[in-house]
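> make a model of this:
(one chain, ligands or ions: 3)
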Amino acid sequence: MKRLIPCLEQDNVDIELILLIKTILTACKEISFRVGQGALSNVLGSTLDENIQGETQKKLDIISNQLLKDMLLESGKVRTIASEEEDYVVAATEGAPYIVAFDPLDGSSNIDINGQIGTIFTIYRAKDDVSAESELQFSQKGTEQVCAGYVLYGPSTLLAMTTGGPSRLYTLDKTQGCYLLTTEQMDIPTETQEFAVNMSNYHQWSAGFTHYINDLLLGNEGTRAKKYNMRWNGAMVGDVHRVLSRGGIFCYPNNTKSPQQPAKLRLLYEANPLAMLVENANGKASTEQERILAIEPSHIHQRVAVIMGSTSEVDECLEYLNVK
Ligand SMILES: O=P(O)(O)OC[C@H]1O[C@](O)(COP(=O)(O)O)[C@@H](O)[C@@H]1O
Ligand SMILES: [Mg+2]
Ligand SMILES: [Mg+2]
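Residues are numbered from 1 along each chain as shown. Ligands and ions are numbered 1, 2, ... in the order given. Down below sits the predicted model:
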């Protein structure tokens, strides 16, 4: 089986970028080890702190964030860092070629139940006309990502990553400590009969989205005339991994639970990297109005509605939302 670095070299990935990816993945290997040790490595449970988004931080959120941040700061390859767990951007190495954003631990509510969790990351080129301290470094559309990926800490530790070409899947060989290529090209089937959505938000969705889900629930008796199954992990990284592996549609639409915050998922370090992986695996990724990767970001913790997965199903869903 092929190792990660030769795969990246074969894809003509720049050596500086390869070294940066290696740094991120070394941190993820350490997170994977600690996740595997669970209570034995004292990583379970909550802290007394909240992040800027008002969410209680779990111990593993903090540990993962610190590991990634420290290794990136030392690498010399990163000019600016953004993280779900950092209120503001962190200036790293002046003149370095790249900027990195990450969700150090996605699916935090699964940490203490031994459920699926993961690290999501994205890399862009640094802007030379903007200072390293400025969050304007991240004012770049998702189409500008030079690398997007996640490491999923499940029964196996998996890396899904694209550097602009196909979305590839690697498995961490824990006996040797290296990532080995296990799926050359992920390929999302166009059609699906599986959806992922948090049904507890049902009464807070728009009329169009409620109509869409109602029709899926009607199965063979409804206008869609096919039976649908539902799966929900409570971790976007796990839900989108399932979609990348066997197709499906993942939705986190706007809801009216808190009017000042209609969307839940963050554009920079959740929606954009996963949208790039989905598109490069022949799927589609949209908000309720537009292609996720085409959004002009307004701030680093900006939230967006997310509808992604099997192309025909995403198109069907968007029809209900009246998107042309
Ligand atoms: O609580 P809900 O509505 O099931 O939301 C789950 C969603 O929230 C998230 O857990 C948010 O991510 P974090 O764990 O990084 O805060 C997504 O991964 C997931 O899809
Ligand atoms: Mg997350
Ligand atoms: Mg998180």
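> where are the low-confidence patches of this protein?
For the chain, applying pLDDT under 70 flags the ranges 323-324.
> in it, what residue is nearest ligand 2?
Using C-beta to the ion, the single residue of the chain nearest to ligand 2 is D106, 3.5 Å away. For glycine as for every other residue, the C-beta is placed from the backbone atoms N, C-alpha and C.
> where's the closest residue to that residue other than its chain neighbours relative to I120, distance?
Leaving aside its chain neighbours, D106 sits nearest to V237 (4.3 Å; criterion: C-beta to C-beta, 6 or more residues apart in numbering). Relative to I120, V237 is positioned 6 Å away (C-beta to C-beta, to the nearest Å).
> and for A91?
Distance, A91 to I120, by C-beta to C-beta: 22 Å.
> near ligand 2, which residues of the stretch 51-200 of the chain are found?
Within the stretch 51-200 of the chain, the residues that sit near ligand 2 (C-beta under 5 Å from the ion) are 103, 106.
> can you list the residues of the stretch 51-200 of the chain near ligand 1?
Within the stretch 51-200 of the chain, the positions lying close to ligand 1 (C-beta under 6 Å from any ligand atom) are 55, 84, 103, 106-108, 198.
> max pairwise distance over the residues you listed: which two?
Using C-beta to C-beta, those span at most 18.8 Å, a distance reached by E84 and N198.
> the two: which has the busier surroundings?
E84 (26 against 14; other C-beta atoms under 10 Å).
> which SSE is the residue nearest to D106 in?
Element membership of V237 [criterion: DSSP states H and E] is helix 236-246.
> now the helices: where do they sit in this protein?
With DSSP state H, the ranges of helices along the chain come out as 4-10, 15-37, 59-75, 207-218, 236-246, 272-279, 311-320.
> most neighbours per residue, which of the ones you listed?
Compared across the helices of the chain, helix 272-279 shows the largest average neighbour count, a mean of 28 (mean count of other C-beta atoms under 10 Å).
> which residues are contacting it?
120-122, 142, 145, 148-150, 160-162, 167, 186, 188, 236-237, 240, 243-244, 284-285, 291-293, 306, 308-309 (C-beta atoms under 8 Å, 6 or more residues apart in numbering).
> okay, angle between that helix and helix 311-320 too, please.
On the basis of axes from the mean of the first three to the mean of the last three C-alpha atoms, to 10 degrees, helix 272-279 is oriented at 120 degrees to helix 311-320.
> near ligand 2 at all, helix 272-279?
No - Helix 272-279 is not in contact with ligand 2 by C-beta under 5 Å from the ion; minimum separation 10.0 Å.
> please shift the residue numbers so they start at 17 in all later answers.
Will do, 17 is the new start, and the previous item becomes helix 288-295.
> how about that helix as CSV, C-alpha atoms only?
What follows is helix 288-295, C-alpha atoms only, in CSV (Å, rounded to 0.1, in the frame of the first residue of the first chain):
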residue,chain,number,x,y,z
ASN,A,288,-15.7,24.8,3.2
PRO,A,289,-13.3,21.9,3.7
LEU,A,290,-16.0,19.3,3.7
ALA,A,291,-17.6,21.0,0.6
MET,A,292,-14.3,20.7,-1.3
LEU,A,293,-14.0,17.0,-0.4
VAL,A,294,-17.6,16.4,-1.4
GLU,A,295,-17.2,18.2,-4.8
